[in-house]
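Undergrad: one predicted model, sequence on top.
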Amino acid sequence: MVQTAETTVAVATGPTVSMKSEPQYITGRRAFFKYRELGVAGASDGKFHAQITSTTQGMSEPTGWHYHVCDGQFVFMLSGWVDLVFENGDKVRVGEGDSIYIPGGLRHNETATSKTFELLEVTVPADMGTTSCEPPVGMAE
């Protein structure tokens, strides 16, 4: 069994399938996004997590500076775009068909999104924390 903040799940011994026709949604980091759980955390005994994040209203304001407590976070944009700024000053727009890997602990801020988007997110390990932090010196909230 694997215990997460949301549920206790039996660890799978075979393939785990998540059907688009039968989505399982979970509560995520942002109330204005939808998070579709893909069942990977339980199947991998917590080694990694995969979910589809989507929205139909876009982001109304930046998320604020934060970092993730994990080994890493991989994002592949299925549709739409997300703008990010990183602690070294890099500003990146990740659009449809693009991907980004964010190492754990790297401070960043999601500053804007397209009105609608859908992305695949994979994190290692499955139990990823999010910690708010002050913006880097000389950078805006």
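TA: That came through fine.

Undergrad: pLDDT value on the closest residue to Lys47 other than its chain neighbours, please?
TA: In space, Lys47 comes closest to Pro125 once its chain neighbours are excluded; the distance is 6.0 Å by C-beta to C-beta, 6 or more residues apart in numbering. Yep, even glycine has a C-beta here, placed from its N, CA and C like the rest. For Pro125, the pLDDT comes out at 97.

Undergrad: dihedrals phi and psi, Gly42?
TA: Gly42 adopts backbone torsions of phi -70, psi -40, taken as degrees, to the nearest 10.

Undergrad: and stretch 51-66, C-alpha only, in PDB?
TA: Presented in PDB, the C-alpha positions along stretch 51-66 are these (Å, rounded to 0.1, in the frame of the first residue of the first chain):
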ATOM      1  CA  GLN A  51      -1.000  13.800 -14.000                       C
ATOM      2  CA  ILE A  52      -2.700  15.800 -16.700                       C
ATOM      3  CA  THR A  53      -3.300  19.500 -15.600                       C
ATOM      4  CA  SER A  54      -5.800  21.600 -17.500                       C
ATOM      5  CA  THR A  55      -7.800  24.700 -17.300                       C
ATOM      6  CA  THR A  56     -10.600  26.500 -19.200                       C
ATOM      7  CA  GLN A  57     -10.100  29.900 -17.600                       C
ATOM      8  CA  GLY A  58      -6.400  30.500 -17.600                       C
ATOM      9  CA  MET A  59      -4.400  31.900 -14.700                       C
ATOM     10  CA  SER A  60      -5.700  35.200 -13.400                       C
ATOM     11  CA  GLU A  61      -2.400  36.100 -11.500                       C
ATOM     12  CA  PRO A  62       1.100  34.700 -11.100                       C
ATOM     13  CA  THR A  63       1.500  31.800  -8.800                       C
ATOM     14  CA  GLY A  64       4.100  33.500  -6.700                       C
ATOM     15  CA  TRP A  65       7.700  32.500  -6.200                       C
ATOM     16  CA  HIS A  66       8.000  28.900  -5.100                       C
END
